[in-house]
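# pasting the structure only:
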């Protein structure tokens, strides 16, 4: 304070003194009496200035003292009376002091001397984290935001109960839009008379309206096979807890009337824009239909997805009309192109190779050069034997090229066709996708979240047994100038036989029709059996894996390869197939190290457990009864733990991506 006083008084006086002395010196040399008068006037001015500065300082000093006293008083009152809890703790987190409000929070006047963790166990995380110094804890049904000052060992408790209630209420009341689609309505009602169709409409509408009324949902039929539903987040949460029981209700109740209808639901949530919600709902529905229907997909604006349902095998719903339309559309794209490049997935199986050979034949039928893009280093087992057969007995071997060769010859008019997968991360070389302006996808797997961007044409039918079956149907509507050769037909038939396990799984009437068509062109079943033969060593390796089998859930068998040994992906899949034929096994999972450094899991099911959802939970995909994934786990034991968790989540009825 003294320094401040000196600073106020001395600086102006010093300036005035210097000016006065300078003026007096100048005047003394010029006129003595004038200099003396000037010095006298300056002295009087200095005295007045000093007096004025002194009075100003005294007033300022009194004001500061008064303000300081008031601030100390306010601070003391705030510390003791404001509705903020304050704790001081020692280095052992023992409470040394608490303000009155803190004592009111816990209704206990004996906080001092207690560990602060008696207030809430959540405070442990707050003190152990080096970064997070704020946390919300619960004390006596109230929510408090706790701020921890480590250096002072000081904690502030802010009551945020009402704030969180308002926030929760806001999120619960946000609008959700859902589109309900009756999967097989058109096929079922196609042959009905007006009275039967009207009765079917009444049954379906009644079931959905009763469900909507019971949950407070606004639902209206917008077309013969679609309903629009408006609800909020809290209702959606309740539906999720019940695993969307409407799927089971409509399936069971319509089955009692011999109708066998299923329901697909696309839900848009998490946005305040109604337009965005509608787009999310439609996108979710498209995804569900691509996965086979009888499911629910919930999509958030950030791309996060949740799936419910999918417990039944999809019913065959594709028609020959659609196959013919797709075939003609594909023919137009081929004719407009100068070259066609066909590729399947990495480590191709017989279905991928057979389908690729069939698509290349389509290009040949339309007088366009077609090539199958493969990585010759990834061929093994039956696929390798097929390639040897093609090299020895066919002139189409020259049309098998590497990705680098395809990239070097590709032009702006080239067409890329992807078979047996729709995920860009699984294709043989995604550089072809990026370079080509026209991409076609032909696949029989259920659609996953990852999908090739902006394809020109998509033919995805999860109801088909194999991609080879789909390609065979498309070939039937192509020009007949170029006939299928015996080896080409055998390649396609091999893909069908492998994916259906010799016509025992996922086999419909159309599967046998496709096989019959291929037989008319000389498909050799004996050659197929020779291609699919295995050696003794492979059989022994598979038996060793089966010896490790254990049941981690009733009906769920898991077998593991040796911890330090790498296995072929085909052998892993074959082992899962054999496990499924064992007594009391409803679903089988085989885990083993792959040659690429990842751990592979092959999953098979008889339909009671949706192994597709299990594998999607781990980043893979496939069908309800046939799926797989590759995970970047350190050990087999870690992979088993992740698999066990995914199975439990699936058996509870949902899968979140």
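Ah, there it is. Quantities reported herein were computed from a predicted structural model and do not represent experimental measurements. Numbers count the residues shown, from 1 in each chain.

# Please enumerate residues in contact with stretch 134-150?
85, 105-107, 119-120, 122-123, 125-127, 133, 154-161, 164 (CB atoms under 8 Å, 6 or more residues apart in numbering). Quick note: C-beta positions are derived from backbone N, CA and C, even for glycine.

# For ChimeraX, write a command that selects the buried ones of those.
Buried subset of the contacts of stretch 134-150, written as a ChimeraX selection, criterion 16 or more other CB atoms under 10 Å:
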select :85,105,106,119,120,123,126,127,155,156,157,159,160
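
# was I right about residue 203 contacting residue 256?
No: counting by CB atoms under 8 Å, residue 203 does not reach residue 256; the two are 9.6 Å apart.

# quick one, strands of the stretch 451-600 of the chain?
Using DSSP state E, counting those that start in this stretch, the strands of the stretch 451-600 of the chain run over 457-460, 550-553, 556-560, 566-567, 587-594, 599-605.

# The contacts of stretch 134-150 in helices, which ones?
Members of the contacts of stretch 134-150 lying in helices (criterion: DSSP state H): 105-106, 123, 125-127, 161, 164.

# can I get these in JSON lines with distance to residue 618 and pLDDT?
Output for the ones in helices among the contacts of stretch 134-150, formatted as JSON lines (distance: CB to CB, whole Å; pLDDT from 0 to 100):
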{"residue": "105", "distance to residue 618": "45", "pLDDT": "74"}
{"residue": "106", "distance to residue 618": "45", "pLDDT": "73"}
{"residue": "123", "distance to residue 618": "36", "pLDDT": "77"}
{"residue": "125", "distance to residue 618": "29", "pLDDT": "70"}
{"residue": "126", "distance to residue 618": "34", "pLDDT": "72"}
{"residue": "127", "distance to residue 618": "35", "pLDDT": "68"}
{"residue": "161", "distance to residue 618": "39", "pLDDT": "86"}
{"residue": "164", "distance to residue 618": "34", "pLDDT": "85"}
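
# Out of the residues you listed, the closest to residue 564 would be?
Of all the ones in helices among the contacts of stretch 134-150, residue 125 has the smallest distance to residue 564: 38.5 Å, by CB to CB.

# Lowest average pLDDT across the strands of the stretch 451-600 of the chain?
Mean pLDDT is lowest for strand 457-460 out of those, coming in at a mean of 86.

# what's next to it, contact-wise?
For strand 457-460, using CB under 8 Å, 6+ apart, the contacting residues are 290, 326, 329-330, 333, 422, 440-445, 447, 470, 474.

# what stretches of the stretch 201-350 of the chain score poorly on pLDDT?
290-292, 303, 310-319 (pLDDT under 70).

# By mean pLDDT, point me to the weakest helix or strand of this protein.
Within the chain, no helix or strand scores below strand 654-656, which has a mean of 45 by mean pLDDT, DSSP states H and E.

# Burial check on residue 135, number of neighbours?
18 (other CB atoms under 10 Å).

# ok, now how distant is it from residue 105?
Using CB to CB, to the nearest Å, residue 135 is found at 16 Å from residue 105.

# same deal with residue 596?
Counting by CB to CB - residue 596 and residue 105 are separated by 57 Å.

# Show me where the stretch 1-150 of the chain has its helices.
2-30, 32-81, 100-106, 123-128 (DSSP state H, counting those that start in this stretch).

# about what we covered before: now render the ones in helices among the contacts of stretch 134-150 as JSON lines, adding distance to residue 236.
Listed next are these as JSON lines, based on distance: CB to CB, whole Å:
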{"residue": "105", "distance to residue 236": "35"}
{"residue": "106", "distance to residue 236": "37"}
{"residue": "123", "distance to residue 236": "34"}
{"residue": "125", "distance to residue 236": "30"}
{"residue": "126", "distance to residue 236": "33"}
{"residue": "127", "distance to residue 236": "37"}
{"residue": "161", "distance to residue 236": "25"}
{"residue": "164", "distance to residue 236": "20"}
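
# related to what we said a few turns ago, rank the helices of the stretch 1-150 of the chain by pLDDT, which is bottom?
Across the helices of the stretch 1-150 of the chain, the lowest-scoring stretch is helix 2-30, with a mean of 55.

# Residue ranges of each domain in this structure, please.
The record's domain parsing of the chain by automatic domain parsing lists 2-79, 85-164, 187-309, 320-531, 536-656.

# Okay, helices next: where are they in the stretch 301-450 of the chain?
320-335, 350-365, 381-393, 403-409, 431-435.
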